[in-house]
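J.: Dropping the sequence and predicted coords here.
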Amino acid sequence: MRLRLSYKTMIGVSLFALNAALQPAAAQTLPEALALTYETNPQLKAQRAQLRSTDQLRAQARAGRRPVIAGSADVTQTGGEFIPPDDFTALDSFDPATVGPLLDVFGAGADAPTTTLGISITQPLFQGFRVQNAIREADARVVAARARMLAAEQGLFTQTVQAYLSVGTARDSVSLSRTSVRLLSEQLEATQIRYDAGQTTRTDIAQSEARLAQGQAQLIQAEATLDAAELMFKRIVGQAPATLNTDMPLPALPATLEEALATANDQNLELIAIKAEADAAKYGVKSAKGALSPTLNATARYGRSYNQFIEGDEAENVSAGVQLTIPFYQGGREYAAIRQARYGETAARHNLEAVRRSVNEQTAAAWQNFLAAEAQYKAAEAAASANALAFKGVKLENEVGQRTTLEVLNAERENLDANLGLLRANQARYLSAYDLRRVMGSLTAESLGLANLYNAEALSDRDASRWIDFGE
């Protein structure tokens, strides 16, 4: 599973985030909150920068097949004096007045420095397939880095879902707690009236006062929980939550565990990353073996010298050829590098099997967690409905003297607990559903309802350099 983003995609995401930022409500729906997280979260920006860093491995590997052009310049100042032997004047044709200065020049007595300029080109022709394997290894490492970046995105998406649901649940909990405090206050007033009329005892008033104090304490705790949830939302999404639309369907899930396992084995991002690293280790072994192969380079050089022999002279030279290097013995370092690469490949293959088993375990566990959360939600829904009916009945019966004040207070507490339990069960089933999607590797931007902003297509390993770098 390899994705790339087009330039139109980048523009679409930026415009969508800008439009959302200008709206009075920061994130009304879950897809909007996810889009803001995707655009503004600093952790994702760091992961993208790390991916761009890893992507440079491919450019470095490709440089191995390109020519190397180098220039050189040398300026040398020499000095000295030519001193002939004592019997040098015995030569028949020697004239010290004319030959002496010339010999003095050739004896490095010239005042002008010698200048040499040159340029050389070296074109690799054959390097034992090391460059080709290095490029494939770099491609595989870019694929692994890309998968890990997408895994980090999925982790942030999961946190966004959790923050979104936590705010919604906390707000509903505060609302329920406030309603409970209001009902308990009304119950206390009604009990006081009946006490004044001689229909109840002081014990009933004390019980009502105690439950009201407990309700007020619970409301304070619910408000503190809400504050913490909103702070977490702002940290992850980048904006404070406004009115949230919590009336949303569950994400699409596979029908069976077997289908979930098949999807996870194909799309789990950690598994994709490990597979790519195993491929990189395989190409690393081939690249290391290339050190035992001969190398063939084509070379060309042009040079020009000034004042090399006598002041004012010029000389130039041009050379071209091929150079074959056959390694016979290099101290054993290349054999150690090959063994190191082979052990690395073996470790990568074992890691691949370990991750595959872990992914299967996580998928099965996530599947069972979702089934359990769904069952708990249905039970909590039935309990909330039954407790609401029971509380209404007990309250009416109390008004006609068939139920005590304590029974009303207990029914109110059970009704509140049932509604709070329903909120928690609903949050748990959404979180378990999204966690299952994450383990399967399908918690992507496209699957989260942002398909209109993304252009996803499969790429081969060789197309890794075409991935668009976005964000800062």
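T.: Ah, there it is.
J.: low-scoring pLDDT stretches of the stretch 151-300 of the chain, where are they?
T.: For the stretch 151-300 of the chain, applying pLDDT under 70 flags no range at all.
J.: And the helices in it?
T.: 202-237, 257-267, 269-289 (DSSP state H, counting those that start in this stretch).
J.: for those, which one ends up most surrounded?
T.: helix 269-289 (a mean of 22; mean count of other C-beta atoms under 10 Å). Where you see a C-beta, it was placed from the backbone N, CA and C, and this is true even at glycine.
J.: ok, residues contacting that one?
T.: Residues outside helix 269-289 that contact it (C-beta atoms under 8 Å, 6 or more residues apart in numbering): 1-2, 128-130, 133-134, 136-138, 140-141, 143-145, 147-148, 150-151, 154, 264-265, 334, 337-338, 340-342, 344-345, 347-349, 351-352, 355-356, 359, 441, 461.
J.: Could you tell me the angle between that helix and helix 257-267?
T.: Relative orientation of helix 269-289 versus helix 257-267 (axes from the mean of the first three to the mean of the last three C-alpha atoms, to 10 degrees): 40 degrees.
J.: Please save the CA atoms from helix 269-289 in PDB.
T.: The C-alpha trace of helix 269-289 is given here as PDB (Å, rounded to 0.1, in the frame of the first residue of the first chain):
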ATOM      1  CA  LEU A 269       1.700  -0.100   7.700                       C
ATOM      2  CA  GLU A 270       4.200  -1.500  10.200                       C
ATOM      3  CA  LEU A 271       4.200  -4.800   8.200                       C
ATOM      4  CA  ILE A 272       4.800  -2.900   5.000                       C
ATOM      5  CA  ALA A 273       7.700  -1.000   6.600                       C
ATOM      6  CA  ILE A 274       9.300  -4.200   7.800                       C
ATOM      7  CA  LYS A 275       8.900  -5.900   4.400                       C
ATOM      8  CA  ALA A 276      10.600  -2.900   2.800                       C
ATOM      9  CA  GLU A 277      13.400  -3.000   5.300                       C
ATOM     10  CA  ALA A 278      13.900  -6.700   4.600                       C
ATOM     11  CA  ASP A 279      14.100  -5.900   0.800                       C
ATOM     12  CA  ALA A 280      16.600  -3.200   1.600                       C
ATOM     13  CA  ALA A 281      18.700  -5.700   3.600                       C
ATOM     14  CA  LYS A 282      18.600  -8.100   0.600                       C
ATOM     15  CA  TYR A 283      19.900  -5.400  -1.800                       C
ATOM     16  CA  GLY A 284      22.500  -4.400   0.800                       C
ATOM     17  CA  VAL A 285      24.000  -7.900   0.600                       C
ATOM     18  CA  LYS A 286      24.200  -7.600  -3.200                       C
ATOM     19  CA  SER A 287      25.800  -4.200  -2.900                       C
ATOM     20  CA  ALA A 288      28.300  -5.500  -0.400                       C
ATOM     21  CA  LYS A 289      29.200  -8.400  -2.800                       C
END
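J.: Any idea how far it is from the middle of the chain?
T.: Here the centre of helix 269-289 is set off from its chain's centre by 19 Å, with C-alpha atoms, centre = their mean, to the nearest Å.
J.: Roughly how far does Glu314 sit from Gly118?
T.: 14 Å (C-beta to C-beta, to the nearest Å).
J.: Pull up the overlap in contacts between the two.
T.: With C-beta under 8 Å, 6+ apart, Glu314 and Gly118 have common neighbours Arg304.
J.: Give me the more crowded residue out of these two.
T.: Neighbour totals were compared for Glu314 and Gly118, and Gly118 leads with 16 against 10 (other C-beta atoms under 10 Å).
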